[in-house]
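1. below: sequence and its predicted model.
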Amino acid sequence: MTRVTPLAIPRVIGLPLPRLEDGRLLTGGGRYGDDFVLPGQAYAVAVRSPHARARIVAIDAAAARASPGVLVVLTGADVVADGLKPVPLVPAALSPPDIRLDNSDGSPHRIVRPPILAIGEARFVGEAVAFVVAETRAAARDAAEAVQVDYQPLAAVVDPTAARADPENVAVDATVGDAAATHAGFADAAHVTRLATVIPRVNGTPMEPRAALGHHDAASGRYTLHANAGAVGRPKREIAIILGVDPAAVRVIVHDVGGNFGTRNSFFPEFALVCWASRKIGRPVKWTGERSEMFLTDYAGRDFRIDAALALDASGSFLGLQATSVSDLGAYTASFIPLTKGTQLMTSLYRLPATARAVGVLTNKPCTAPYRSAGRPEVMFVIERLIDIAARAHGFDRIALRRRNLVTAAPHTNTFGVTYDSGDFQGTLDQALALADWNGFDHRRRETQTRGLCRGIGLGGYVESQSGAPQERAEVTVLGDGVVEIVIGTLSTGQGHATSFAQLAAEWLGVRPDSVRLMTSDSDRVDGGAGSHSGRSIRLAATTIHQASQGVIAKGLDLAALALETDRADIAFAEGRFTVKGTDRGVDLFELAASHGPIIEAADVDSRVGSYPYGWHVCEVEVDAETGMVRIDRYTTVDDVGRAVNPLILDGQTHGGIAQGAGQALTEHSVYETASGQLLAGSFMDYALPRADDFPFFVTALSEVPSTTHPLGFRGGGEGGITPALGVIINAVVDALADLGVTHIEMPATPERVWQAIQAARPASGRGRRPLP
């Protein structure tokens, strides 16, 4: 029997422990998508459409099938012949607390689901039209080039504004909010500030390209998929639907995933294709995508057109907000979640009535889906830009304007019916301003001016809406060899679950965090769960792990009573040990497991209430007016997470979120040629990611106001870094250039775009205007 030393400190939740998994990952112990290998595996390559929209007249695969080493060539005709179903994407939010976006005319949403290979028509550049399997990857690639596809190009719709003009392209068109109060507010307004803006499409660009290895066992009839997906439960169910088999006939294994940000959570056709192809040839089939394919076919993020207006009275009180948001869904209806979540939080942390029209349109581009903090960065950008524009145009102090209209007490129900459970919105604003040394900005600006540069400061708040799939299950097992195993369905894609979940169990069971082993990778072990998205991981994992841990302790009390020959009521449990009260007689939790066998307890949760993290960010930039170059010089955050399990991990999540937000604000843009639908930013030569040396050291702080909608007070903490970043950074850039007459800059604020804005403003600016107070 292995005796594990009891934990020396009673509290583990809240400690900034270094990540337990990093040693394994940094020394080459990771198992990523392309690391899976099975004996006798064949290799697959997809033939992809070069057209954004085209009728597939015919596919001649004879030459490809006759190529050396080719095992099978599959097309849309084979999909039809085998009766395979489309990818069963469900675009709408399935449960409260998210609002419903029902079409205003009462019609159902237009749902268009993708086949795993194009049938009859290709709908975007990069859509797979054939799947070639051969003995080697090189042979598959050569054969793919021999597939002859007769395309009849059709007129592509790339611009979502143009798409909206055709009712056939409109998937959802809903109007929500308080129309009467908003109309009255605009009627009484002394000032109305307007903003029409584009939130550009971005690519999630996880470090690891997608890969999938499928195996069909003819003897058992079971399919096994190895992939770098965002979960194991969801792809298992979706493969079963597509292939028309019982879910029990599908096993999904996912170990380490090199990045996700939401882009890996939805189903990809290749997951089903490799399983289907394996059944066809009787061997495992592996597909590994190239980076260029990821740019063409990954689920994209953002891509909104938002037209908004803010009404104010003469003293600066907000009277109403009107907005129309158009979400470019891409070729298929993968998700309305960004549109839903953005719409329901459009008023952010402010008190005002609003009405919003939410429109989702189909275009001939890859699908958009939830990308880190889906929908919220878009609308936080709009409200925070509107406030700064109003302050400058009408002579208000921008901090005072925000304070005047801030939600002052929680719970607070906004105009769309969403209730923020708890929070200190004013206190976190004060903390952020102090940490950022807002009052010292003028001194820093004068110093920057001595170097011939412009300096600006930007501020922005945010509120998050975290919901996601409501069900989760955890099974906690104490083993006699000194290990606590947690089996749970919320899969880590870099969030540090092996550490933070271990801290939860360590606190409640009184064991060392490094004695906790997490199992999330195998659908044969994981019963339920829906992966990591919408800030659900720590909220649902904490609830289920806590309940299961309490069950383990209860069973341990019964076993300890037998071992210590005393009544159960006379036994106390603390720091991993059961003791007879008032004595030194006791027994260790692991000793009981060694003597009586594993102590196991499972717990389920079905949570249909939301969590609402919030916070404030401050950014300072330096801008070279001669070149348009923007450099972030200072960035400060205060984010409320309810209770912090691991502040070190939370800081890392915030850092990454800031970098992603800065990328969208300053450099990233998935550009498509409007007439042809061709992607013009299809490599890292054209799609500019921010680099580590583009950033200063961040100043981050946590607020901990317990969530009243969570039994343990937790909120998610993975999305706060990005949610306000777009507006905060652009506010800072515009503030830096206000003296030159610049009032707004669209994203991304590239050097060219900044320089052009300066040139356009100079003739009208005269001597210029001073930045905001």
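-> Nice, I can see it.

2. correct me, but S67 touches D142?
-> Yes - contact criterion C-beta atoms under 8 Å: S67 and D142 qualify, at 6.2 Å. In this view, the C-beta of every residue, glycine as well, is placed from N, C-alpha and C.

3. centroid-nearest residue for this protein?
-> Central residue of the chain (C-alpha atoms, centre = their mean): R372, 2.8 Å from the mean position.

4. so who does it touch?
-> Going by C-beta atoms under 8 Å, 6 or more residues apart in numbering, R372 touches G204, F261, G262, G301, G657, Q660, G718, E719, I722.

5. enumerate every residue touching the closest residue to the first one other than its chain neighbours.
-> By the measure of C-beta to C-beta, 6 or more residues apart in numbering, the closest residue to G204 outside its immediate chain neighbours is T263, 3.4 Å from it. Contacts here follow C-beta under 8 Å, 6+ apart; on that basis T263 touches N203, G204, P206, D298, Y299, A300, G301, A369, Y371.

6. again, but for G427
-> Applying C-beta under 8 Å, 6+ apart, we find G427 in contact with S703.

7. and it, that's in a helix?
-> Yes - counting by DSSP: H, G, I helix; E, B strand; the rest coil, G427 is found in a helix.

8. okay, it: pLDDT?
-> pLDDT for G427: 97.

9. residue at max distance from the center of the protein?
-> Distance from the C-alpha centroid of the chain, by C-alpha atoms, centre = their mean, peaks at E565 (52.5 Å).

10. so it versus F573, what's the distance?
-> Look at E565 and F573: by C-beta to C-beta, to the nearest Å, they are 17 Å apart.

11. how far away is R608 from S422?
-> 18 Å.

12. of the two, which one has the most company?
-> S422 (21 against 12; other C-beta atoms under 10 Å).

13. quick one: contacts for that one?
-> When contacts are counted by C-beta under 8 Å, 6+ apart, S422 is found next to A410, P411, V705, P706, S707, T708.

14. quick one: it and Q756, what's the gap?
-> Taking C-beta to C-beta, one finds S422 at 45 Å from Q756.

15. what do you get for V487?
-> Using C-beta to C-beta, we find V487 at a distance of 56 Å from Q756.

16. more neighbours: which of these two?
-> More crowded of V487 and Q756, by other C-beta under 10 Å: V487, with 22 against 13.

17. who does the helix or strand containing the more buried one pair up with?
-> If you go by DSSP states H and E, V487 is part of strand 484-488. When pairing is defined by DSSP bridges, strand 484-488 lines up against strand 471-478 (antiparallel), strand 516-519 (parallel).

18. export those strands to TSV and tack on mean pLDDT and mean neighbour count?
-> Output for these, formatted as TSV (pLDDT from 0 to 100; neighbours: other C-beta atoms under 10 Å):
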stretch	mean pLDDT	mean neighbour count
strand 471-478	94	24
strand 516-519	96	19
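
19. nearest to G713, of these?
-> Minimum separation from G713 across the strands paired with strand 484-488 (C-beta to C-beta) falls at strand 471-478, 17.4 Å.

20. contacting residues around that closest one?
-> Contacts for strand 471-478 (C-beta under 8 Å, 6+ apart): 484-490, 505, 509, 527-530, 536, 540-541, 543-545, 547-549, 551-552, 556, 589-590, 592-593, 598-607.

21. repeat for stretch 691-698
-> By C-beta under 8 Å, 6+ apart, the list of residues contacting stretch 691-698 from outside reads R631, I632, D633, R634, Y635, T636, T637, T654, H655, I658, A659, A662.

22. phi, psi of L17?
-> Torsion angles at L17 (phi, psi; degrees, to the nearest 10) stand at phi -70, psi 140.

23. now do the same contact list for it.
-> T499, Q503, P513, N646, L648.

24. element containing the second one, please.
-> Okay, so that is Q503. helix 497-509.

25. now stretch 564-571 - C-alpha only, PDB.
-> Provided in PDB are the C-alpha atoms of stretch 564-571 (Å, rounded to 0.1, in the frame of the first residue of the first chain):
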ATOM      1  CA  LEU A 564     -12.300   2.100  14.100                       C
ATOM      2  CA  GLU A 565     -15.100   0.200  15.700                       C
ATOM      3  CA  THR A 566     -17.100   3.200  16.700                       C
ATOM      4  CA  ASP A 567     -20.300   5.000  15.800                       C
ATOM      5  CA  ARG A 568     -20.400   7.000  12.600                       C
ATOM      6  CA  ALA A 569     -21.500  10.100  14.500                       C
ATOM      7  CA  ASP A 570     -18.300  10.000  16.600                       C
ATOM      8  CA  ILE A 571     -16.100  10.300  13.500                       C
END
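
26. A162: what secondary structure?
-> With three-state DSSP as the basis, A162 sits in helix.

27. tell me, how many residues neighbour it?
-> 13.

28. and the gap between it and G106?
-> Where G106 is concerned, A162 sits at a distance of 26 Å (C-beta to C-beta).

29. cool, D442 as well?
-> 56 Å.

30. read off the pLDDT value for P771.
-> 50.

31. how many neighbours does A184 have?
-> The number of residues packed near A184 is 15, by other C-beta under 10 Å.

32. give me the element it is part of.
-> Applying DSSP H and E as the criterion places A184 in helix 179-187.

33. go through the helix or strand just after that helix and flag the buried ones.
-> Counting by DSSP H and E, the next helix or strand C-terminal to helix 179-187 is strand 191-203. Residues H191, T193, L195, T197, V198, I199, P200, R201, V202, N203 are the ones in strand 191-203 that count as buried (16 or more other C-beta atoms under 10 Å).

34. quick one: the longest helix along the chain to chain centroid distance?
-> As assigned by DSSP state H, the longest helix anywhere in the chain is helix 536-564. Put simply, helix 536-564 sits 31 Å off its chain's centre (C-alpha atoms, centre = their mean, to the nearest Å).

35. buried set for it?
-> For helix 536-564, by 16+ other C-beta under 10 Å, it's 536-549, 551-553, 555-557, 559-561, 563-564.

36. hang on, the earlier thing: between the buried residues of strand 191-203, which sits nearest L319?
-> Nearest to L319 among the buried residues of strand 191-203, with distances taken as C-beta to C-beta, is H191, at 9.3 Å.

37. roughly how far apart are the residue nearest to that closest one when sequence neighbours are not counted and M380?
-> The shortest distance from H191 to any non-neighbouring residue, by C-beta to C-beta, 6+ apart, is to L312 (4.5 Å). To M380, L312 is 19 Å away according to C-beta to C-beta.

38. quick one, which of those two is more surrounded?
-> Using other C-beta under 10 Å as the criterion, L312 and M380 rank with M380 on top: 30 against 27.

39. thinking again about what came up before, my guess is the residue nearest to H191 contacts A190, does it?
-> Yes - between L312 and A190 there is a contact under C-beta under 8 Å: 6.6 Å.

40. so where's the stretch 401-550 of the chain shaky on pLDDT?
-> The stretch 401-550 of the chain contains no residues with pLDDT under 70.

41. which stretches of the chain have low pLDDT?
-> If you take pLDDT under 70 as the line, the chain has these spans: 1-10, 763-773.

42. now the helices for the stretch 201-350 of the chain?
-> 233-243, 269-281, 291-297, 337-344 (DSSP state H, counting those that start in this stretch).

43. buried stuff in the third one?
-> Buried residues in helix 291-297, defined by neighbour count with 16+ other C-beta under 10 Å: E293, M294, F295, L296, T297.

44. can those go into a markdown table with extra columns for distance to E626?
-> Shown next, in a markdown table, are the buried residues of helix 291-297 (distance: C-beta to C-beta, whole Å):
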| residue | distance to E626 |
| --- | --- |
| E293 | 40 |
| M294 | 36 |
| F295 | 33 |
| L296 | 37 |
| T297 | 40 |
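
45. now, which of the residues you listed sits nearest I730?
-> Minimum distance to I730 across the buried residues of helix 291-297 is 25.0 Å, recorded for F295 (C-beta to C-beta).

46. please name the nearest non-neighbouring residue to that closest one.
-> That would be G682: by C-beta to C-beta, 6+ apart, it lies 4.5 Å from F295.
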